[in-house]
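Asks: Structure for the following, please:
(chains A, B and C)
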Amino acid sequence: MSSMNSERTDGPAVALVDCTSFYASCERVFNPKLADKPVVVLSNNDGIVVAASKEAKAKGFVLGTPFFEIEERVRAGEAYAFSSNYTLYGDLSRRVMETLSLFSPDMEIYSIDEAFLNLRGVTPPERFDAYGREIQRTVRRWTGIPVSVGIGETKALAKIAQHIAKKSPKTGGVLNLAGSPYREQALARTPVEDVWGVGWRFAKFLHRQGILTALDLSRAEDSWVKKHMTVVGLRLVRELRGEPCISMDMAPSPKQQICVSRSFGKLITSRREMDEAVAEYTSRAAEKLRRQHSAAGAVMVFLMTNRFRDEPQYSDSTVIELPVPSDCTQELIRYATAGIGRLFRTGYRFNKAGVVLTGLVPDTEVQLDLFDTKDREGSRRLMRALDEVNTRLGAGTLRYAAAGTIQRWRTKFKRRSPRYSTRWDELPVAGM
DNA sequence: TCTGGGGTCCTAGGACCC
DNA sequence: TCTGGGGTCCTAGGACCC
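Replies: Reported below is the predicted structural model:
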């Protein structure tokens, strides 16, 4: 029995755990020299800054900055810069998530570096803060990754709490707003553009309406919100008031579309190189497709020139429907190449292309076409063998000739750190 | 001149996320 | 020389059906 004079209600609460500057922290795990140093991590092709340690941010390195604009400062030793090493980040993410799963039976992995935990089983609510700190300590000790933790009655409030925890040192990276008298204060000090689900477009609109903070937004009228921000906005506003509307997604469903697109390491002008790149991207997409046991009903391909350059621009896309959904790489390459044939124009310098597999269905439910003469069982065995070899001996061990061998257009990663945790030949060396 | 009404399905485009 | 990649959800509007 709860005591008579207690006003608190032991309602639902969720924690949001977010890895601090995740990619930069990953680089530090196997390279202790980098501790407390400014570290930035670059996107594919060493294009822009996608992660920066707080030391790097303090020195004025800003997310989204093209690398060429900061290259000089990096050479001068103002920061350590790394190409993206997704193999390493993926592996460390898995370790973090495994650790987190011990703290709640209900966890939603929200992104590579974030997870929501249902705290239903953690009572009384006075324990939330200590529990958050225990999560933080454990993840740090077991994986080497620093995290911040926000707790609230809803996911949106947990996001607000985490946002404040990350920024204000005196919280030590953990803030609980569930059942807290500071909730309103927290909403009042959160600019509306920092609210989860408010992007730059709605932020601009809300500012014009005089809605400047999360608190203002939480007090907006339902019908007005629904009219201007659809039901998505309404759900968000209710969450800010402490009413759970966005449920936890514990078992992610298979993806509805699979996309592989990349900028080239050098501009492409020839049809042959474009065909190679698209064949390569299609192979990667087909691997993802088979990993989730789906088949694709349609292939979309697109290509584009570099919009930042002052030269003739062209971009287009096209969709090819398959007669029968397929997960077979060579068949998908054939359709993708046919699509590129429709789109390709000489006289342009192409910067990027991509392949999107859509109309996905479970591979067990493929509707066979009466006139389909293809040996489906044979190609299925071939794909299984291909995937097995590539899993065992490393990605790209077996590839399609259509993707080319020299691949001068391949994305550049000049500053990649070793894949310490997943490659025997790139293990870290201790001592010496 | 005046051309129903309601339901469903699909797609393109917009908004958002990390 | 050099500017990322991969997703989701919702809505409006058109096609189509009775």
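
Asks: Tell me the residues of the stretch 101-250 of chain A that contact DNA strand B?
Replies: Within the stretch 101-250 of chain A, the positions near DNA strand B by CB under 7 Å from any atom of the strand are A:110-114, A:159, A:195-203. Using the backbone N, CA and C atoms, a C-beta is placed for each residue, glycine as well.

Asks: did I read that right, A:Ser317 in a strand?
Replies: Yes: secondary structure assignment places A:Ser317 in a strand (DSSP: H, G, I helix; E, B strand; the rest coil).

Asks: ok, now how distant is it from DNA strand C?
Replies: From A:Ser317 over to DNA strand C the distance is 14 Å, taken as CB to the nearest atom of the strand, to the nearest Å.

Asks: Enumerate the beta-bridge partners assigned to that residue.
Replies: Following DSSP bridges, A:Ser317 is listed with bridge partners A:Phe302.

Asks: now do the one 4 residues further on
Replies: With DSSP bridges as the criterion, A:Glu321 is bridged to A:Ala298.

Asks: Run through the residues that contact it.
Replies: Going by CB atoms under 8 Å, 6 or more residues apart in numbering, A:Glu321 touches A:297-298, A:359.

Asks: does any bit of the one helix or strand A:Gly339 maps to sit next to DNA strand C?
Replies: According to DSSP states H and E, A:Gly339 maps onto helix A:329-343. No: using CB under 7 Å from any atom of the strand, helix A:329-343 stays clear of DNA strand C, with a minimum separation of 13.9 Å.

Asks: which outside residues touch that helix?
Replies: Contacts of helix A:329-343 (CB under 8 Å, 6+ apart): A:271, A:274-275, A:278-279, A:281-283, A:285-287, A:296, A:299-303, A:316-320, A:322, A:326, A:353, A:355, A:357, A:374, A:379, A:383, A:386, A:400, A:402.

Asks: How about stretch A:153-160?
Replies: Residues from elsewhere that reach stretch A:153-160 (CB under 8 Å, 6+ apart): A:11-16, A:116, A:150-152, A:177-179, A:183, A:186-187, A:190, A:195-197, A:214, A:236, A:239-240, A:242-246, A:248.

Asks: run the last query once more with 6 Å
Replies: Contacts of stretch A:153-160 with the rest of the structure, by CB atoms under 6 Å, 6 or more residues apart in numbering, involve A:11, A:13-14, A:16, A:116, A:150-152, A:177-178, A:186, A:190, A:196, A:236, A:239-240, A:242, A:244, A:246.

Asks: Give me the buried entries from these.
Replies: Burial by neighbour count, 16 or more other CB atoms under 10 Å: within the contacts of stretch A:153-160 this picks out A:13-14, A:16, A:116, A:150-152, A:177-178, A:186, A:190, A:196, A:236, A:239-240, A:242, A:244, A:246.
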